[in-house]
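Novice: Pasted the sequence and its predicted model underneath.
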Amino acid sequence: MYELLLRTETLFIALRPLLLLGIGGSALIVGLIFWLGGVRYSSAIIGLLGAVVGAVVGLMVSEWLRFEMWVGMVAGAAILATVSVLLRNVLILVLAVVVIAAAAGAGYLAVALDRAIPQEEAATRGDSGRSLLFQSLDGSAERVDYVDRLTRQEADFSEKVRAIGADTWETAQPHLWKLGLAVLAGAAVALFLVWFIKKALIALAYSVVGTAVLVVGAQTASLGLGFKVASALPVNPWLLPATFGGMTAFGWVVQLLTTRKPREKAAEKTRQASDEE
């Protein structure tokens, strides 16, 4: 995870502080809702997600059929938001399986990149034309120079996103088959949980997404304040995974405990009504 955070930091470091604070603050709010209240607000979350996807689809359709862009976006958002709410239970389970599978793959990739090659070997790879690990570069200035060499120094943000994405893909290629196995294992575990404990799986998926958004939001907001969190962290392959896992477990437990109470109250009211009759 340390390597991925360094790449994110290097990508965001050129953005304006106010923009970073806005993105980071918004991500922290969204992440907090997902982390501790995803199950409670699942209907609203699924509806908003459907509206966003529908707006994007509507935009694409409006360009294809050549009619007013805003009409396509509004119509697409309304239709998919309605369908998402009506099929909420099915969509939540599908998304939960996808999230757990993706988290398993991303978790394996993050740890694999952190432990990919020894530090001294990484330092000798600069002239070989192969991708470098960002943790082998000396400071954020050298990492920014490396990204500039991948693109053009005057490249815009989208070009740098593509360049870092391609460089990360090249670095991860030796681990692709293991990454695939991790994704399949995560999907298998998620399907097992769907069969036996559906509620626990949904809460876990929301906690995973919330934790990831919180981490990125905290890093982005810190960059807006001029503090480079990733560069300041000690190089420890287990520090970030342990923190991420602990936060995910905490959010999971909180959601399970807080969403149990309304159902218990409803069951208690039903029992009381039957007793009175």
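Specialist: Received the coordinates, thanks.
Novice: use CA for all of it now, contacts and neighbours both
Specialist: Will do.
Novice: And Val30, how close does it get to Ile23?
Specialist: 11 Å (Cα to Cα, to the nearest Å).
Novice: no wait, Arg7
Specialist: 17 Å.
Novice: Between those two, which is the more surrounded one?
Specialist: Neighbours per residue (other Cα atoms under 10 Å) separate Arg7 from Ile23, with Arg7 holding more: 25 against 17.
Novice: Hmm, the more buried one is touching Ile164, no?
Specialist: Yes: proximity of Arg7 to Ile164 meets the contact threshold set by Cα atoms under 8 Å, at 7.3 Å.
Novice: Can you tell me which helices and strands the strand or helix carrying Leu19 packs against?
Specialist: Secondary structure assignment for Leu19, by DSSP states H and E: helix 17-37. Here helix 17-37 touches helix 198-224, helix 239-276, going by 3 or more Cα pairs under 8 Å, 6 or more residues apart in numbering; DSSP states H and E.
Novice: angle of the next helix or strand after it against helix 198-224?
Specialist: The first helix or strand that comes after helix 17-37 along the chain, using DSSP H and E, is helix 42-65. Going by axes from the mean of the first three to the mean of the last three Cα atoms, to 10 degrees, helix 42-65 is angled at 70 degrees with respect to helix 198-224.
Novice: what is the rounded mean pLDDT of the following helix or strand past helix 42-65?
Specialist: Toward the C-terminal end, the helix or strand that comes next after helix 42-65 (DSSP H and E) is helix 69-86. Averaged over helix 69-86, pLDDT sits at 72.
Novice: report the angle between the axes of helix 69-86 and helix 42-65?
Specialist: Using the same axes, to 10 degrees: helix 69-86 against helix 42-65 is 140 degrees.
Novice: which of the residues in the helix or strand hosting Phe192 are buried?
Specialist: Per DSSP H and E, Phe192 falls inside helix 176-196. For helix 176-196, a neighbour-count test (16 or more other Cα atoms under 10 Å) marks 179-180, 182-187, 189-191, 193-194 as buried.
Novice: next one: stretch 14-30
Specialist: Neighbour counts over stretch 14-30 (16+ other Cα under 10 Å) mark Pro17, Leu20, Leu21, Ile23, Gly24, Gly25, Ser26, Ala27, Leu28, Val30 as buried.
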